[in-house]
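A.B. asks: Sequence first, then the predicted structure:
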Amino acid sequence: MEQSMQKTALVCGAGGFIGSHLVNYLKNLGFWVRGVDLKYPDFSKTTADDFIIGDLRDPILCQKILDRPFDEVYQLAADMGGAGYIFTGEHDADVMHNSATINLNMSYYGSKAGIKKIFYSSSACIYPAYNQEDANNPKCSEESAYPAAPDSEYGWEKLFSERLYLSFNRNYGLNVRIARFHNIFGPEGTWKGGKEKAPAAICRKVAEAENNGEMEIWGDGEQTRSFLFIDECLEGIRHLMDSEFTGPVNIGSEEMVTINQLALMAMEIANKKLSLKHIPGPLGVRGRNSDNKLIKEKLNWTPSVPLKIGLAKTYSWINQQRAKLES
Ligand code: NAD
């Protein structure tokens, strides 16, 4: 394909979990891709045509990477982690300052560079805590975001940045697409070290345990969540980018499970029986599930792959990683 005909994409956060998968996905679609991150992907070599190591809090770097009117920009870079990182309160200032600075830079310089479209990854963490107190009946429909009351500073920053991109859309015609991701998981995601999320942490604990042993679960394990496999997240992003809908829209699964059920599912996959030991830990809201009415209406698409299929692929990958470390 001639260079001039080839579509161009910039992926900010291309060294992260979703960003590194997104680079592969865009390359398969035929894009010329530039990735930017503080680091290279942790688990495999990037497939980006150009990969710049740099700090997106730096306005000079942001101007440098936006050297052409990209067809698509994906802003995924954020200071984030699982419950062990965002709910302890210890990282609040960094989370808010680092992520907001990145978004302030990318909205402003993106707009000046004449980019054609920008995707921003918001989060289910923006939804009000008061609608998520009942484990069996959480409310996360898009319009329920206000009156705002996220349960973490991470959620507040995401809400601020949604509004920031929407303001650039209204005042400067920046063509934005905003998704609220709900717990994305899969191979090549963080699986140890404190920033990992529930599916990876549970797969690791099951993989590490001897059969008939025990595994630790934070809280009583009756808190509910839904989890979306990475392949379907990428499909959702594509549908949103190809649509005329600005969002914000949920990209998540509606298959809600308790954390205890998630642990049992991982045990079935591993063919192990473990007893659950419930210990105190950072928990987040009591219940959360994606509400997919709006995405279905606007994009005529919803995720459909059962949780167990994605969990089996993730378990198998984590088990391999573990074996590699031990050998
Ligand atoms: P991740 O932590 O794996 O990726 C984020 C990347 O941003 C990291 O590689 C990190 O190095 C990079 N980054 C952070 N600060 C930077 C800086 N100053 N300059 C350059 N790069 C920087 O996270 P992820 O799971 O891939 O999530 C991607 C996006 O989706 C994030 O914005 C996150 O908030 C959002 N999100 C993710 C989930 C999920 O379940 N994974 C859920 C909701 C929202």
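C.D. replies: Thanks, I have it. From a predicted model like this one, the values you see are computed outputs, not experimental measurements.

A.B. asks: Distance-wise, check the residue lying closest to residue 94 once chain neighbours are set aside relative to the ligand.
C.D. replies: Of all residues beyond its chain neighbours, the one nearest residue 94 is residue 79 (5.5 Å), with distances taken as C-beta to C-beta, 6 or more residues apart in numbering. Glycine gets a C-beta too; all of them are placed from N, C-alpha and C. Using C-beta to the nearest ligand atom, to the nearest Å, one obtains 5 Å as the distance from residue 79 to the ligand.

A.B. asks: repeat for residue 312
C.D. replies: Look at residue 312 and the ligand: by C-beta to the nearest ligand atom, they are 19 Å apart.

A.B. asks: tell me the contacts of that residue?
C.D. replies: Contacts were defined as C-beta atoms under 8 Å, 6 or more residues apart in numbering; by that measure residue 312 touches residue 269.

A.B. asks: Double-check that it belongs to a helix.
C.D. replies: Yes. Assignment of residue 312 by DSSP: H, G, I helix; E, B strand; the rest coil places it within a helix.

A.B. asks: Just the local confidence number for it, please.
C.D. replies: pLDDT recorded at residue 312 is 98.

A.B. asks: how close does it get to residue 273?
C.D. replies: When distance is defined by C-beta to C-beta, to the nearest Å, residue 312 is 17 Å away from residue 273.

A.B. asks: phi, psi of residue 257?
C.D. replies: Its backbone dihedrals place residue 257 at phi -130, psi 160, with angles given as degrees, to the nearest 10.

A.B. asks: what's near enough to touch residue 68?
C.D. replies: Residue 68 neighbours (C-beta under 8 Å, 6+ apart): 8, 113.

A.B. asks: give me the element it is part of.
C.D. replies: When elements are assigned from DSSP states H and E, residue 68 belongs to no helix and no strand.

A.B. asks: helix, strand or coil for the closest residue to residue 104 other than its chain neighbours?
C.D. replies: Excluding the flanking residues, the one nearest residue 104 by C-beta to C-beta, 6+ apart is residue 164, at 6.9 Å. Using three-state DSSP, the three-state assignment for residue 164 comes out as helix.

A.B. asks: Surely residue 164 and residue 105 touch.
C.D. replies: No. Counting by C-beta atoms under 8 Å, no contact exists between residue 164 and residue 105, whose distance comes to 10.8 Å.

A.B. asks: between these two, who's got more neighbours?
C.D. replies: The residue with more neighbours, out of residue 164 and residue 105, is residue 105; 21 against 18, by other C-beta atoms under 10 Å.

A.B. asks: Please report how far that one lies from residue 229.
C.D. replies: In this structure, residue 105 and residue 229 are separated by 31 Å, where distance is defined by C-beta to C-beta.

A.B. asks: Show me what from the stretch 1-150 of the chain comes close to the ligand.
C.D. replies: Proximity of the stretch 1-150 of the chain to the ligand is assessed by C-beta under 6 Å from any ligand atom, with 13, 15-19, 37-39, 55-57, 76-80, 98, 102, 121, 123 identified as the residues in range.

A.B. asks: Filter those residues down to the ones in strands?
C.D. replies: 37, 121, 123 (DSSP state E).

A.B. asks: Need the per-residue pLDDT for the nearest residue in space to the second one that is not next to it in sequence.
C.D. replies: In space, not counting the residues next to it along the chain, residue 121 is nearest to residue 76; the distance is 4.9 Å by C-beta to C-beta, 6+ apart. pLDDT for residue 76: 98.

A.B. asks: Go ahead and confirm residue 76 touches residue 9.
C.D. replies: No. With contact defined as C-beta under 8 Å, residue 76 does not reach residue 9; the gap is 11.8 Å.

A.B. asks: In terms of neighbours, single out the busier of these two.
C.D. replies: Neighbour comparison, residue 76 and residue 9: the larger count goes to residue 9, with 26 against 22 (by other C-beta under 10 Å).

A.B. asks: Doesn't that one belong to a strand?
C.D. replies: Yes. Counting by three-state DSSP, one finds residue 9 located in a strand.

A.B. asks: Enumerate every residue touching it.
C.D. replies: Taking C-beta under 8 Å, 6+ apart, we find residue 9 in contact with 26, 31, 32, 33, 34, 70, 71, 72, 73, 74.

A.B. asks: Tell me the spacing between it and the ligand.
C.D. replies: Distance check for residue 9 against the ligand: by C-beta to the nearest ligand atom, it reads 15 Å.
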